[in-house]
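**Student:** fold the following and give me the result.
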Amino acid sequence: MKTIVCSYKNDSTFGFGDFLRGSCNIRNECLENKLEFEIDYSKHEIGKYVKSNYSGPSYSDDQIKVGRFPKKTDLEEHFQENDYYYLCSNQIITSANKPSKLLTTLTGFSFVDSVFFIDNLNFCDSIKKDVKKKLSDNNIKEFNVIQARIGDEYCFSNGRGFSDDKKTTNNTPFYVDLNGYAKIFFDLISKNNTRDNLIVSDSSEFKEKMKNLLVEKKVPKCHILTLKSTHTSREMIKRLFEKPKSEGLRETMMEMYMLCLSSQIISVSSYNFPSSFVNSIAKIFEVPIRNLKGLSYFKSNL
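**Tutor:** Next up is the predicted model:
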């Protein structure tokens, strides 16, 4: 059987959540075209922390193509001499071979086979052990995750200097400063206090700030279990910033595992689109999620 393998390349310039979204949509294309589908993370640094059940032959980085689901003629030509086609994609839902608008409610996902993707998101034992110990030490059983997506340029660069003036990152029209985010989070915590709340974020500074405020204000049932954060695409921040922040990938993956275990996710974004990092997990693990725009929430509620 001819097989397409979605493989997360180490030099990919999009994040792991975007890759999972793309893989879900590529798998649907495979089903429509009667092709087998597998997924593999071993070619990326993230493969240290999460494994799939890929069972095919070994392959090199050079064999991985980056882009959308290939044209039928290209596939037919490739499969004349090969049984496997390796692809790294962040593909969103398409219509008539044209990219659709990113759907806020679905974050660009078409149908997701939760059973397949849960079976192929195997977090390493050390990640599971550390998270479960932190939960146990804090007597946390059922919990919400409240996530702050502060924005790439505010979180992944020391000094926020771009490596090339021609390169741009996502604009942040809904940006709120860290004090504003703290006010948003205390409001959300007060309205969602029937179970414990875990705070995660792409900003190490925000988590440090909230940790100190939670202690100062003696807020019960609210926890920060990780402090460091980084983008899951090291190549993106390396290319984009003069002084990229690169520490914290393991703790970032711990946060992703916490998302898998959560009862509800509330995600607050500085962008006018939601975070694929949390929405990919919400879709795959069928966790209820609320996506909020930071500035809109701040103006409407505070």
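**Student:** where's the residue nearest to residue 41 when sequence neighbours are not counted relative to residue 266, distance?
**Tutor:** The shortest distance from residue 41 to any residue other than its chain neighbours is 4.2 Å, reached at residue 47 (Cβ to Cβ, 6 or more residues apart in numbering). Placement of C-beta: from N, CA and C, glycine included. Here the criterion is Cβ to Cβ, to the nearest Å. By it, residue 47 lies 29 Å from residue 266.
**Student:** so between the two, which is more surrounded?
**Tutor:** Using other Cβ atoms under 10 Å as the criterion, residue 47 and residue 266 rank with residue 266 on top: 22 against 16.
**Student:** so what sits opposite the more buried one in the bridge?
**Tutor:** With DSSP bridges applied, residue 266 shows beta-bridge pairing to residue 146, residue 290.
**Student:** elements contacting the lengthiest helix in the chain?
**Tutor:** Taking residue count as the measure and DSSP state H as the definition, the longest helix of the chain comes out as helix 16-32. Of the remaining helices and strands, those touching helix 16-32 by 3 or more Cβ pairs under 8 Å, 6 or more residues apart in numbering; DSSP states H and E are strand 3-7, strand 36-40, strand 84-88, helix 114-119, helix 276-285.
**Student:** what residues does the last one touch?
**Tutor:** The contact list for helix 276-285 (Cβ atoms under 8 Å, 6 or more residues apart in numbering) reads 15-18, 20-21, 24, 106-109, 112, 114, 117-118, 121, 145, 147, 149, 202, 232, 256, 259-260, 265, 267, 287-289, 291.
**Student:** phi, psi for residue 243 please.
**Tutor:** Residue 243 adopts backbone torsions of phi -130, psi 80, taken as degrees, to the nearest 10.
**Student:** confirm residue 183 sits in a helix?
**Tutor:** Yes. Per DSSP: H, G, I helix; E, B strand; the rest coil, residue 183 lies within a helix segment.
**Student:** what sits against it?
**Tutor:** 298, 302.
**Student:** check the gap between it and residue 134 for me.
**Tutor:** Taking Cβ to Cβ as the measure, residue 183 and residue 134 are separated by 26 Å.
**Student:** one more: residue 114?
**Tutor:** From residue 114 over to residue 134 (counting by Cβ to Cβ), the distance is 26 Å.
**Student:** of those two, which one has the most company?
**Tutor:** Between residue 114 and residue 134, counted using other Cβ under 10 Å, the more crowded position is residue 134 (16 against 13).
**Student:** wait, what's in contact with the nearest residue to the more buried one once chain neighbours are set aside?
**Tutor:** Leaving aside its sequence neighbours, residue 134 sits nearest to residue 225 (Cβ to Cβ, 6+ apart; 4.5 Å). By Cβ under 8 Å, 6+ apart, the contact set of residue 225 is 131, 134, 135, 138, 198, 254, 258.
**Student:** how about residue 56?
**Tutor:** Contact analysis of residue 56 by Cβ under 8 Å, 6+ apart lists 3, 5, 38, 40, 84.
**Student:** do the same with residue 40
**Tutor:** If a contact means Cβ under 8 Å, 6+ apart, then residue 40 has 5, 6, 7, 8, 52, 54, 56 as its contacts.
**Student:** distance of it from residue 64?
**Tutor:** With Cβ to Cβ as the criterion, residue 40 and residue 64 are 9 Å apart.
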